[in-house]
Every structure is written in C-alpha cells, then in structure tokens.
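> Here is a sequence with its predicted model. Questions after.
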Amino acid sequence: MKITVAGTGYVGLVTGVCLAEIGNKVTCYDIDEQKVQKMRQGIVPIYEPGLEELMKKNIAEERLFFTTDAKTAYESADVIYIAVGTPENEDGSANLTYVEEAALAISHYVKKDTIVVIKSTVPVGTNDRIQALINEHKLPGIEITVVSNPEFLREGSAVYDMFHGDRIVIGANDERAASIIAEINKPFGIPIIQTDIRSAEMIKYAANAFLATKISFINEIANICEKVGANIDDVAYGIGQDKRIGPHFLKAGIGYGGSCFPKDTKALMQIAGNVHYQFDLLESVIKVNNKQQLLLYTKAKEIFSSLRGKRVAVLGLAFKPNTDDIREAASLVLIQKLLNEQAEVTVYDPVAMENAKSVLGDSVRYARSAISALAGQEVVFIVTEWDEIKDIPLSTYVDEMKEPIIFDGRNCYDLKEVEKYPITYISVGRRNIIHASLVEKR
Ligand SMILES: NC(=O)c1ccc[n+]([C@@H]2O[C@H](COP(=O)([O-])OP(=O)(O)OC[C@H]3O[C@@H](n4cnc5c(N)ncnc54)[C@H](O)[C@@H]3O)[C@@H](O)[C@H]2O)c1
Ligand SMILES: O=c1ccn([C@@H]2O[C@H](COP(=O)(O)OP(=O)(O)O[C@H]3O[C@H](CO)[C@@H](O)[C@H](O)[C@H]3O)[C@@H](O)[C@H]2O)c(=O)[nH]1
C-alpha cells in the first residue's frame with residue numbers, strides 16, 4: 001500500500017515508521033523544513049526509544065521517504081493519515097486549524113480515489129466535518145473517504161505500543177474503507193474494534209478521561225492517607241489486586257501532565273458543554289490535578305516560611321520518564337512557583353534539557369548530571385522518576401548536600417531505607433520523615 005502520513009510528531013513519525021516496517025511504502029510529510037531535513041538524514045527529531053533504528057532500517061530498505069512537498073505527498077497515495085497536532089485553544093477546546101489545513105491540501109492535490117485516516121485526537125463530529133470540507137473542495141468524480149482511527153500510544157513506549165497495543169479502533173461509515181484500513185493494520189496483530197465514526201472519536205476521549213480519573217482518584221486517596229497515617233503504595237497495591245479495579249494507573253504522585261491528558265480532558269469538557277451536559281466528575285478530575293501539580297511546592301511552604309535565596313535542585317523535567325516532552329509537565333508548574341519565590345533553581349533531566357531551555361531560558365541553572373545538580377543544594381525536588389534518578393543512592397544525597405531535604409513527587413524511595421540516613425524525606429501519600437537536625441531548627 002502507498003501511504004502518506006501528514007505530520008511527523010510523536011504520533012505521525014512513529015505511525016509512518018511502523019507502517020513502513022510492516023511492508024508499506026510510506027511518505028512522511030511535514031510543513032517543518034528543518035524537521036524533514038533531519039529525518040532525511042536518519043535523525044529522529046524527538047526522543048523515542050527504538051525509533052531511530054527502525055527509521056534508519058526502513059529508509060535503507062526504501063520503504064520510508066520524507067518530504068515537505070504536499071503535491072508529491074498527496075497526489076498518488078492510496079491512503080493518507082492525518083496525524084497533525086490538535087493543541088488546546090484558550091477556552092480549552094481543541095484547535096482544529098492544522099487538521100483543516102491538511103484536509104484542504106489533500107482535497108487540492110488528490111487526483112484519484114483515496115482514504116483519509118484521521119489519527120489526530122479530534123472532538124466528536126470532526127471526522128464528519130472534515131468529510132464535508134473535503135467533499136466541497138475535492139476534484140469532481142473522485143471519492144475521498146474519511147475514516148477515524150484514533151491513536152492510543154504512550155510517549156516513551158510508542159514503538160512498543162504500535163506492535164503491542166490493546167486494541168485498534170476503526171470508525172467508519174463506509175464498510176469498504178473500514179476493511180481496507182483493517183487490512184493495513186492486520187500485521188500489527190492487535191485486536192481491531194470497528195465502530196461508527198462518532199463512537200471511535202468518543203472512545204479516544206473517554207479512554208483518556210477515564211485514565212486521568214484513575215490518577216486524580218488515587219491522588220485524592222494519597223492526600224487522605226497522609227492525614228490518617230496510611231501508606232498509599234500499600235493501599236494502591238491492595239485495591240489494584242481486585243481484578244475489577246486493576247493494578248495499572250494507580251501510581252500517586254504530583255498529577256498527570258503531557259500533551260494529552262490535560263488537553264483532552266478539557267476538550268471533553270467542551271464537547272459535553274456544547275451539548276449542554278455538565279460533566280461534574282471530569283471537572284473535579286481536572287481541579288484535583290491542578291492542585292496536585294502544586295503539591296511539592298505546598299509541602300515545601302509548610303516547612304519553610306520563605307524559599308527566597310534557597311538553593312534548590314529539581315530532578316526530572318519531562319512530564320514522565322523516557323521522553324523529552326515537557327508539554328504540561330509538573331516540573332514547569334513547580335519551577336515557576338520556586339522562581340516567583342526567588343529560590344536559586346538548578347535543574348537536571350537526562351534528555352529534556354534542550355526542550356526545557358527553550359521555555360525556561362536562563363532563569364535556572366542547568367546541571368550536567370544528577371549528581372552535579374545536587375552538589376551544595378539545600379533542598380531537592382524529585383519530579384520525574386527516570387531510572388537514572390531512582391537509582392541515585394541515598395548516600396549520594398548525604399555526600400553532596402549538607403543536610404539533605406528531599407521532596408519526592410514520585411515516591412522513588414522506600415521509607416525504611418530512607419530512615420537509615422540523616423535525610424528529611426517528604427513524599428506523596430506516606431508519612432513524612434523529618435530528620436532531627438530540621439526538627440531542632442524549626
Ligand atoms: N503525543 C502523543 O502521545 C499522542 C498519542 C495519541 C494521540 N495523540 C494525538 O495525535 C495528534 C498529534 O500529536 P503529536 O504529539 O504527534 O503532535 P506534535 O505536535 O508532536 O506534531 C505535530 C506535527 O504536525 C506538523 N504539522 C502541522 N500542520 C501540518 C500540516 N498542515 N501538514 C503536515 N504537517 C503538519 C507539525 O509541524 C508537527 O511536526 C494530536 O491530535 C494528539 O492529541 C498524541
Ligand atoms: O499511575 C499513573 C500513571 C500516569 N501518571 C502520569 O500521567 C501522565 C500521562 O502518562 P502516560 O499515560 O503514561 O503518558 P502519555 O504518553 O501522555 O499517554 C497517554 O496519552 C496518550 C495521548 O492521548 C494516549 O495515547 C495514551 O494511551 C495515554 O496513556 C504522566 O504525567 C504520568 O506521570 C501518574 O501520575 N500515575
């Protein structure tokens with residue numbers, strides 16, 4: 001099959017590379033010249049484990065091509081995937097400008113019957129609107145059929161997820177188009193669910209909203225655990241053993257971030273609001289998350305009346321481990337608060353430093369390693385649970401910091417282990433360990 005993928009971000013590039021890997025001839029099209037230049041040379045512009053090898057392999061085997069020329073990309077494709085961004089508008093609704101621009105370019109250049117697959121996350125009803133837009137602008141006498149195929153991959157394990165996902169959802173009003181897309185996806189060996197277009201669109205938002213709800217729920221339980229003397233890790237394990245609840249997505253912390261949950265929960269609020277439905281539960285999920293992202297700051301303020309001039313390190317900037325993505329990361333919320341208080345902030349992340357620099361500029365100091373970030377600091381905030389960060393021996397905090405005070409937003413350390421060291425340790429949903437030296441000072 002001759003496939004074009006429009007948009008080469010986290011979803012588009014992974015989709016393009018993996019569709020090439022299963023035997024298709026794939027052209028990845030993007031409007032970003034610099035990105036395309038890099039990819040032509042086999043350089044992956046994002047950090048995504050396993051992607052570079054697979055991309056290089058498929059370029060070498062002449063199944064994978066890159067272009068910024070819309071005509072070349074669209075003219076003779078059998079199937080075109082739209083995987084451009086759908087960022088948040090100021091009112092929380094999804095910005096569909098890029099999807100619409102792609103659809104218009106497709107209408108302009110396509111010269112034969114083609115299927116357009118919308119992979120981008122779009123509000124319910126968008127696929128129908130895009131079909132109407134294309135019908136209005138396409139050449140007469142050809143059929144361009146829109147199919148919804150939302151994506152469920154996670155950043156940091158995107159390539160793995162393409163081959164091991166739980167399901168592939170295909171929403172279509174046209175049986176023939178649906179079966180062609182099902183056929184393309186067969187080699188991935190993942191169960192395929194076929195629905196109407198609107199249900200497919202809703203599955204994507206409902207899945208993300210449900211996962212976000214699990215996180216806000218466990219974070220609320222964690223906050224109560226702290227007050228009643230229970231341990232959230234034990235509680236999460238205990239409830240997760242119930243098969244009806246399941247063990248996944250019950251990790252308490254400093255809230256969800258990233259390019260999806262924050263924007264998609266807000267977009268679903270808008271989708272509901274547009275049909276005059278007040279989604280009270282989801283509204284609370286979002287409210288809880290906003291509060292939870294401030295948790296470490298709130299806890300620090302309970303201990304120090306002022307953070308002015310305090311030397312603090314922030315370990316981890318990415319919104320989760322194994323990605324360079326800092327969109328809606330809890331780290332940014334915390335760092336802004338610390339800077340407002342005029343703390344002296346040093347940051348470290350194994351791969352997200354470049355992206356962070358473009359947002360934080362020279363307002364913080366960038367350390368070359370986790371250890372050098374700790375040297376001489378008074379306080380450390382653990383924000384992202386990279387293995388490299390989780391593996392820092394507790395003795396290193398003692399060696400590098402004078403009297404270590406750790407605020408751990410991801411519960412990286414075992415409390416019994418921490419107690420063996422002269423460390424003040426404050427985590428999420430567990431008892432605080434306050435070292436005697438701090439008690440004396442207070
Ligand atoms: N990131 C994820 O983990 C993830 C997972 C599932 C679904 N999604 C959804 O997939 C979509 C893409 O997300 P992303 O994170 O990959 O976005 P991204 O911002 O990383 O990449 C979008 C790309 O589209 C390009 N683009 C913009 N307009 C274009 C046009 N008219 N033609 C061609 N290219 C164009 C941009 O230059 C950019 O390279 C969004 O709707 C998102 O909600 C994302
Ligand atoms: O138990 C948990 C699990 C996750 N998180 C946080 O939740 C956020 C999102 O994590 P994750 O879902 O692993 O990452 P994403 O790459 O954003 O993937 C989500 O968003 C994508 C975009 O829509 C979907 O495709 C995926 O299925 C969905 O998991 C991160 O900040 C995590 O730290 C927690 O706090 N506790």
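Ah, there it is. Ligands and ions are numbered 1, 2, ... in the order given.

> For the stretch 101-250 of the chain, what lies in contact range of ligand 1?
The interface of the stretch 101-250 of the chain toward ligand 1, taken as CB under 6 Å from any ligand atom, is made up of E101, A102, S120, T121, E151, L153, E155. Yep, even glycine has a C-beta here, placed from its N, CA and C like the rest.

> Find the residue closest to the last one in space, skipping its chain neighbours.
Translated: E155. When the adjacent residues along the chain are set aside, E155 lies closest to T323, with 4.3 Å between them (CB to CB, 6 or more residues apart in numbering).

> Count the neighbours of the one you found for me.
A total of 26 residues lie near T323 under the criterion other CB atoms under 10 Å.

> Which positions in the protein make contact with ligand 2?
For the chain, the residues in contact with ligand 2 (CB under 6 Å from any ligand atom) are 121, 151-155, 208, 211, 215, 249-251, 253, 256-258, 260-261, 264, 319-320.

> which of those are buried?
Burial by neighbour count, judged by 16 or more other CB atoms under 10 Å, picks out 121, 151-153, 155, 208, 211, 215, 249-251, 253, 256-258, 260-261, 264, 319-320 from these.

> ok, back up a step: next step: the residues of the chain next to ligand 2 restricted to helices.
Under the assignment DSSP state H, the residues of the chain next to ligand 2 contribute N208, L211, I215, F261, D264 to helices.

> Please identify which two of the residues you listed are farthest apart in space.
Spanning the widest gap among those are I215 and D264, at 13.1 Å by CB to CB.

> quick one, domains of this structure?
Residue ranges for the domains of the chain, per the TED database: 2-195, 196-441.

> May I have the strands that pair with the helix or strand where C28 lies, each with its orientation?
For C28, the enclosing helix or strand under DSSP states H and E is strand 25-29. Partner strands for strand 25-29, per DSSP bridges, with pairing direction: strand 2-6 (parallel), strand 64-67 (parallel).

> deepest of the ones you listed, which one?
Among the strands paired with strand 25-29, the stretch with the highest mean neighbour count (mean count of other CB atoms under 10 Å) is strand 2-6, at a mean of 25.

> what element comes up after it heading to the C-terminus?
Next in sequence after strand 2-6, counting helices and strands by DSSP H and E, comes helix 10-21.

> E220 is in what secondary structure piece?
Under DSSP H and E, the secondary-structure element containing E220 is helix 197-228.

> Which strand or helix spans the nearest residue to Y29 once chain neighbours are set aside?
Take Y29 and drop its neighbours on the chain: the residue closest to it by CB to CB, 6+ apart is A73, 3.6 Å away. According to DSSP H and E, A73 maps onto helix 70-74.

> Which other helices and strands does that helix contact?
Other elements packing on helix 70-74 under the criterion 3 or more CB pairs under 8 Å, 6 or more residues apart in numbering; DSSP states H and E are strand 2-6, strand 25-29, helix 97-109.

> Switch the ones you listed over to JSON lines; also include distance to N58.
Converted to JSON lines, these look like this (distance: least, CB to CB, whole Å):
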{"stretch": "strand 2-6", "distance to N58": "12"}
{"stretch": "strand 25-29", "distance to N58": "8"}
{"stretch": "helix 97-109", "distance to N58": "23"}
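
> I'd like to know how far the residue of the stretch 301-442 of the chain found nearest ligand 2 sits from G255.
With CB to the nearest ligand atom as the measure, the residue in the stretch 301-442 of the chain that lies nearest ligand 2 is K320; the distance is 4.1 Å. K320 sits 11 Å away from G255 when distances are taken as CB to CB, to the nearest Å.

> give me the residue from the chain nearest ligand 1.
Each residue of the chain has a distance to ligand 1, by CB to the nearest ligand atom, and the smallest belongs to G9, at 1.9 Å.

> Okay, now the unreliable bits of the stretch 201-350 of the chain?
Counting by pLDDT under 70, the stretch 201-350 of the chain contains no low-confidence range.

> Tell me where it has strands.
Counting by DSSP state E, counting those that start in this stretch, the segments of the stretch 201-350 of the chain that form strands are 311-315, 344-348.

> So which elements touch the first one?
In this structure, strand 311-315 makes packing contacts with helix 330-340, strand 344-348, helix 370-374, strand 379-382, judged by 3+ CB pairs under 8 Å, 6+ apart.

> Quick check: V110 touching A73?
No - at 10.2 Å, V110 does not count as touching A73 under the criterion of CB atoms under 8 Å.

> Identify the contacts common to these two.
With CB atoms under 8 Å, 6 or more residues apart in numbering applied, the overlap between the contact sets of V110 and A73 consists of I80.

> can you give me the mean pLDDT across the helix holding A73?
Per-residue pLDDT values across helix 70-74 average out to 97.

> Now do the buried residues in that helix.
Taking 16+ other CB under 10 Å as the basis for neighbour counts, the residues of helix 70-74 that come out buried are A70, A73, Y74.

> can you check stretch 325-336 too?
Using 16+ other CB under 10 Å as the test for burial, stretch 325-336 gives D325, I326, R327, E328, A329, A330, S331, L332, V333, L334, I335.
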